[in-house]
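What shape does this take:
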Amino acid sequence: MSHGCVSGPTALATDGLSLVATAGFSVPAALLVAGVVAAMVRDRRLAARERETPDGAHGRPEPLSPPRAPGAPPRPPR
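Residues are numbered from 1 along each chain as shown. Sure thing, here's the model as predicted:
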């Protein structure tokens, strides 16, 4: 089926729609890729930080335990 000669405004409208469609696909795809890359970098940084801290302390100090009552049995070692 032939549409005959395509005029200038029709060609421009078609080009504009293709640009909108391209941006409508490319922009969300780029945002998705950026989000995945950011999550991977964050995960690797957290894993490296976790490997640096001894005994899985996660960089937090141990909570203080309450004082022992006189004559109480000794605490088991950690």
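
In contact with residue 65, which residues?
With contact taken as CB atoms under 8 Å, 6 or more residues apart in numbering, residue 65 is in contact with residue 75. C-beta here means a position set from N, CA and C on the backbone, and glycine is covered the same way.

mind checking the SS state of it?
coil (DSSP: H, G, I helix; E, B strand; the rest coil).

any low-confidence regions in the protein?
1-14, 54-63, 78 (pLDDT under 70).

rerun that using 50 as the cut-off
In the prediction, the chain carries no residues with pLDDT under 50.

check which helix or strand covers residue 28.
Assigned by DSSP states H and E, residue 28 belongs to helix 8-52.

So what's the residue count around residue 21?
By other CB atoms under 10 Å, 10 other residues sit near residue 21.

From residue 31, how far off is it?
17 Å (CB to CB, to the nearest Å).

just residue 45 next, same as before
21 Å.

same check, this time on residue 39
Taken as CB to CB, the span from residue 39 to residue 31 is 13 Å.

One more: residue 40?
15 Å.

next one: residue 25
11 Å.

give me the number of residues near residue 72?
Residue 72 has 8 nearby residues by other CB under 10 Å.
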